[in-house]
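Colleague: quick one, fold the following:
(one chain, ligands or ions: 2)
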Amino acid sequence: MSETNTKKVFIKTYGCQMNVYDSDRMTDALSEHGYAPTTEMGDADLVLLNTCHIREKAAEKVYSELGRIRDFRDERGPDAKKMLIGVAGCVAQAEGEEIMRRAPAVDLVFGPQSYHRLPELVAKAGGERVIDTDFPQEDKFAHLPQPRREATIKRGLTAFLTVQEGCDKFCSFCVVPYTRGAEVSRPVAQVVAEAQALADAGVREVTLLGQNVNAYHGLNETGHSVGLGELCHMLAEIDGLERIRYTTSHPRDMDDALIAAHRDLDKLMPYLHLPIQSGSDRILKAMNRRHTAAEYLELIEKIREARPDMALSGDFIVGFPGETEADFEATLDIVKKVGYASAFSFKYSTRPGTPGAEMDGQVPEPIKAERLERLQAEINALQTAFNAGCVGMTFPVLIEKPGRNPGQVAGRSPYLQPVHIEADAGLIGQILPVEITGTAKNSLSGTIARGKARAV
Ligand code: SAM
Ligand code: SF4
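Modeller: Numbers count the residues shown, from 1 in each chain. Ligands and ions are numbered 1, 2, ... in the order given. Just a heads-up that it's a prediction; the model follows:
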């Protein structure tokens, strides 16, 4: 039974979808202790920043936001109600003590493994400054409340579901193994129960999350390890749950069972985010990715054999230490060979404590900027071509919400493109065939093609 919600929590989320999921879980945990969520910082008794440490810029944003919140709190004067300020997420995990030192206004700092203890930590922070960045042994998911039905309904037709956390891969540029800890998979029954609860609350599409989601190896009730492919089969049995996606995958963990699931399960969407990071074997080796460009291309071929319409996405880092123009051109080359439908690209950001930070041959900023621009031009051209190729096709779209303009609704294609449709809001919640009639920079437009079966 939850207490009456008399207090308010405002959460600002940075970074990846896993942080979005975590923020919702924090909201749910606090809700059982009398905190209702608010979108107005001015109303809040508790302000939480759920932070990202993946690149330097992401981490620095947190400190400037903390300064802004402190000023906001100070300007309210001594008579205003007390407002606690907390920092969660990967910056908290990596720089807990530093935050306490640099930002005296902060009352509470806690890492991603402590979210189930949040109500207790908040209560304590009312009287003293609190820091909790341990990696406790207990299963935090078993202690976090299930997503609340009313909250899930408000959050809409699509939901994230974290199935795996942490990483043992130790790519030499990446902080995740240090901030999120060792790789852990949630037990199968826990995941299935959460997915069932989401479906019961009206969720039609679930995106399974993990830093390395396809390394999932949760235990079933007989103590056997279940991979992501088998898990997708189990989730596909849930009535009402119509679409399954997952992100982010590592090429080395893309096993045959998961590839076969893409062939066999209509509910598993034909869109795969499979980062390679660089097209140069020399750089891949220095990055400790443990795959070559050729192995990656072979894998893509295998995936496309199983699911010919698979749309691919990826992540790229330019300017990793030692990257030459020839290495960078190998990246441009692989981008063209794969023909990504979309991709994310970043300038290498030195992260203290990772092996990359100690490597010789750090690439000057202007070169990184120039390479990023060239890479993004290539990716944008491919995305435009992919979207243009959809015009004239009819495919099923999950109608998710009202569109920007009256008389419009918005949804997603199987390939994750936003689709704007001239149609009535009464159709929200349905999956309908939509004929694609046009494209904009990052989206498609179309009309409902009644009576047409899926024609992809
Ligand atoms: N586990 C995923 C994988 O191996 O592909 C990636 C997860 S990571 C949270 C998301 C992306 O951030 C990475 O794919 C990488 O492109 C980017 N990234 C990570 N560390 C970075 C760094 N130090 N500088 C720039 N980009 C970085
Ligand atoms: Fe980071 Fe992904 Fe490499 Fe793990 S596999 S260290 S999360 S980039």
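Colleague: name the residues of the stretch 151-300 of the chain found near ligand 1, please.
Modeller: 173-174, 176, 211-212, 248, 250, 275, 277 (C-beta under 6 Å from any ligand atom). To be clear about C-beta, it is placed using only N, CA and C from the backbone, and glycine gets the same treatment.
Colleague: could you do the stretch 1-150 of the chain as well?
Modeller: 16, 54-55.
Colleague: recalculate using a threshold of 8 Å.
Modeller: 15-16, 54-55 (C-beta under 8 Å from any ligand atom).
Colleague: measure residue 55 to residue 344 for me?
Modeller: Remark: distance between residue 55 and residue 344 (C-beta to C-beta, to the nearest Å) = 12 Å.
Colleague: tell me the contacts of whatever residue of the stretch 301-450 of the chain ends up closest to ligand 2?
Modeller: In the stretch 301-450 of the chain, the residue that lies nearest ligand 2 is residue 315 (8.0 Å; C-beta to the nearest ligand atom). Contacts for residue 315 (C-beta atoms under 8 Å, 6 or more residues apart in numbering) come out as 248, 273, 275-277, 343-346.
Colleague: in what helix or strand does it lie?
Modeller: strand 311-318 (DSSP states H and E).
Colleague: next one: residue 109
Modeller: Assigned by DSSP H and E, residue 109 belongs to strand 108-110.
Colleague: same check, this time on residue 206
Modeller: Here residue 206, judged by DSSP H and E, is contained in strand 205-209.
Colleague: buried set for that strand?
Modeller: Across strand 205-209, burial judged by 16 or more other C-beta atoms under 10 Å covers 205-209.
Colleague: picking that back up, near ligand 2, list only the ones from the residues of the stretch 151-300 of the chain next to ligand 1.
Modeller: Here is what survives when these are matched to ligand 2 using C-beta under 8 Å from any ligand atom: 173-174, 176, 211-212, 248, 250, 275, 277.
Colleague: pairing partners for the strand holding residue 206, with directions?
Modeller: strand 158-162 (parallel), strand 243-247 (parallel) (DSSP bridges).
Colleague: next secondary structure element downstream of the first one?
Modeller: Spelled out, it's strand 158-162. Later in the chain than strand 158-162, the nearest helix or strand by DSSP H and E is strand 164-165.
Colleague: near ligand 2, anything from that next one?
Modeller: No: for strand 164-165, no contact with ligand 2 is found by C-beta under 8 Å from any ligand atom; the gap never falls below 10.4 Å.
Colleague: try stretch 177-195
Modeller: Yes: residues of stretch 177-195 contacting ligand 2 under C-beta under 8 Å from any ligand atom: 177, 180.
Colleague: who touches the strand holding residue 109?
Modeller: Strand 108-110 has contacts (C-beta under 8 Å, 6+ apart) with 84-88, 92, 96, 99-100, 117-118, 121-122, 125, 129-133.
Colleague: report the mean confidence score over that strand.
Modeller: Strand 108-110 carries an average pLDDT of 95.
Colleague: what comes up buried for it?
Modeller: Within strand 108-110, the residues scored as buried using 16+ other C-beta under 10 Å are 108-110.
Colleague: with secondary structure, pLDDT and neighbour count added, can I get the residues of the stretch 151-300 of the chain next to ligand 1 in JSON lines?
Modeller: As requested, those are exported to JSON lines (DSSP: H, G, I helix; E, B strand; the rest coil; pLDDT from 0 to 100; neighbours: other C-beta atoms under 10 Å):
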{"residue": "173", "secondary structure": "coil", "pLDDT": "97", "neighbour count": "24"}
{"residue": "174", "secondary structure": "coil", "pLDDT": "96", "neighbour count": "21"}
{"residue": "176", "secondary structure": "helix", "pLDDT": "94", "neighbour count": "23"}
{"residue": "211", "secondary structure": "coil", "pLDDT": "94", "neighbour count": "24"}
{"residue": "212", "secondary structure": "coil", "pLDDT": "95", "neighbour count": "20"}
{"residue": "248", "secondary structure": "coil", "pLDDT": "95", "neighbour count": "21"}
{"residue": "250", "secondary structure": "coil", "pLDDT": "97", "neighbour count": "21"}
{"residue": "275", "secondary structure": "coil", "pLDDT": "98", "neighbour count": "20"}
{"residue": "277", "secondary structure": "strand", "pLDDT": "98", "neighbour count": "25"}
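Colleague: any chance of those residues in CSV, with distance to residue 165 too?
Modeller: Listed next are those as CSV, based on distance: C-beta to C-beta, whole Å:
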residue, distance to residue 165
173, 20
174, 15
176, 10
211, 7
212, 9
248, 12
250, 14
275, 18
277, 21
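Colleague: whichever of the contacts of strand 108-110 end up buried, select them in PyMOL.
Modeller: Buried residues within these, by 16+ other C-beta under 10 Å, are selected in PyMOL with:
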select buried, resi 84+85+86+87+88+92+96+99+100+117+118+121+122+125+130+131+132+133
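Colleague: moving C-terminal of the helix or strand containing residue 142, what's the next helix or strand?
Modeller: Take DSSP H and E as the rule and residue 142 turns out to sit in helix 140-143. Toward the C-terminus, helix 140-143 is succeeded by helix 149-155 as the next helix or strand (DSSP H and E).
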